[in-house]
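Asks: have a look; sequence and predicted model below, questions after that.
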Amino acid sequence: MKKYKVVLLSGDGIGPEISEISSEILKKLSHKYSFDIEIKEEYFGGIAYEKYKDPAPKATLDQCKSSDAVLLACVGDLKYDSLPRELRPESGLLKLRSALNLFANIRPVKIRKSLLDASSLKKEIIEDVDLVVVRELISGIYFGQPRGQITNTKVKKAFNTMVYDTKEIERITEVAIKIANQRSKKICSVDKSNVLEVSQLWRDTVLDVASKNKDLSLSNMYVDNAAMQLVKDPSQFDVILTSNLFGDILSDLAAMITGSIGMLPSASLSNSGPGVFEPVHGSAPDIAGKNLANPIAMALSTSMMLKIGLNEEKAADDIEIAIDNVLSKGYRTSDLDNGDCNVLSCSEIGEKIIQEI
Ligand code: IPM
Ligand code: MG
């Protein structure tokens with residue numbers, strides 16, 4: 001029997017509620033497909049800060065490193081915003097990404113037919129959307145040095161550095177090419193090379209790597225235009241390749257095309273070693289503990305984990321099919337309420353999904 005060790009980081013806010021459902025889904029699938037899965041829960045994010053004064057304790061990182069895959073819900077709460085930056089839950093997340101060398105963040109944006117009416121954009125604009133954002137995740141302005149604040153002058157100053165080297169751009173471009181080759185061989189690289197030197201290097205390097213792949217169609221777009229085009233005509237995109245900060249912004253934008261950020265999963269990968277699979281959404285402290293959260297992005301992240309991280313393709317597909325079945329029967333969480341559906345709580349929709357598996 002195949003055996004997997006998965007580290008589950010439920011984190012903060014709605015994290016425990018949506019994690020519970022994914023755990024149940026994994027247990028059911030392990031029986032159905034006869035694999036053994038050990039789900040090891042670890043402290044991470046604000047809850048780890050509360051217990052260990054560290055949002056990403058070494059013990060947690062060690063467990064993650066020795067796992068087959070990491071399933072992460074979400075971290076953060078307003079109450080941690082006044083902590084020194086290195087103690088905040090978000091810094092823990094960046095530390096995890098860096099510790100596991102997760103340079104490639106994959107965020108698929110797919111329209112589910114039964115949710116065509118949940119988007120704030122017109123149905124005709126979004127019905128053919130099927131794109132992937134490939135975001136560089138452990139460099140750029142998120143990690144660039146120097147960074148800091150100067151407070152000993154009359155006027156306070158703060159600064160960050162947006163920096164990439166060619167190796168970092170090459171390896172993320174190669175991931176985008178691999179994904180594009182399994183799709184329609186079309187990449188749009190997004191930068192701000194009309195203003196930023198770092199973006200010029202990005203553009204030149206992407207062009208260089210892509211030119212070695214003759215049947216690839218590569219276009220470039222400035223990030224401001226890309227934001228506009230994603231709203232105007234999102235189906236023009238297939239693979240969007242971009243840097244850390246631009247990918248953060250564009251993936252939230254692209255998520256809303258689907259109707260709710262509660263629908264979007266992601267995978268963060270290195271060239272070897274375990275990946276981290278997590279929803280794109282945050283910890284939603286306003287609805288935490290109220291059984292209102294949408295567990296679908298977490299369930300879809302679990303599906304990505306099974307497919308990419310554990311090679312359990314059939315089990316992964318089962319989750320996708322179960323979710324589509326539940327949605328097409330008109331069941332929704334309140335974030336997807338269009339006034340004409342059956343609104344369920346987080347745990348109720350979780351049960352429906354589990355029943356369909
Ligand atoms: C994301 C999140 C994180 C990021 C935050 C929580 C640090 O917004 O995964 O998109 O900015 O990368
Ligand atoms: Mg984000």
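Replies: That came in fine, so what should we check first? Ligands and ions are numbered 1, 2, ... in the order given.
Asks: quick check: residues of the protein near ligand 1?
Replies: Residues of the chain lying close to ligand 1 (C-beta under 6 Å from any ligand atom) are 90, 93, 248, 280. Just so you know, the C-beta spots here come from the backbone N, C-alpha and C atoms, and that holds for glycine as well.
Asks: possible to save these as CSV with secondary structure?
Replies: Output for the residues of the chain next to ligand 1, formatted as CSV (DSSP: H, G, I helix; E, B strand; the rest coil):
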residue, secondary structure
90, helix
93, helix
248, helix
280, coil
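Asks: return the item of the residues you listed having minimum pLDDT.
Replies: Here the lowest pLDDT out of those sits on residue 280, with 92.
Asks: re the thing from before, ok, which pair from the residues of the chain next to ligand 1 is furthest apart?
Replies: 90 and 280 (14.2 Å; C-beta to C-beta).
Asks: who has more neighbours, these two?
Replies: Set residue 90 next to residue 280 and count neighbours by other C-beta atoms under 10 Å: residue 280 wins out with 24 against 17.
Asks: so the more buried one touches residue 262, yeah?
Replies: No. Look at residue 280 against residue 262 with C-beta atoms under 8 Å: they stay out of range, at 9.2 Å.
Asks: common neighbours of these two, please.
Replies: residue 297 (C-beta atoms under 8 Å, 6 or more residues apart in numbering).
Asks: leaving out chain neighbours, which residue sits closest to the closest residue to ligand 1 within the stretch 1-150 of the chain?
Replies: When scored by C-beta to the nearest ligand atom, the stretch 1-150 of the chain has residue 90 as its residue closest to ligand 1, at 3.9 Å. Counting by C-beta to C-beta, 6 or more residues apart in numbering, residue 90 lies nearest to residue 76, which is 5.9 Å off, once chain neighbours are set aside.
Asks: what about that neighbour, which SS state?
Replies: coil.
Asks: phi, psi for residue 331 please.
Replies: phi -80, psi 130 (degrees, to the nearest 10).
Asks: typo on my end, it should be residue 69
Replies: With angles defined as degrees, to the nearest 10, residue 69 sits at phi -170, psi 160.
Asks: contacts only, for residue 223.
Replies: 190-192, 242, 246, 249-250 are the contacts of residue 223 under C-beta under 8 Å, 6+ apart.
Asks: at 6 Å instead, please
Replies: By C-beta atoms under 6 Å, 6 or more residues apart in numbering, the contact list for residue 223 reads 190, 192, 246.
Asks: go on, residue 77?
Replies: Neighbouring residues of residue 77 by C-beta under 6 Å, 6+ apart: 12, 46, 285.
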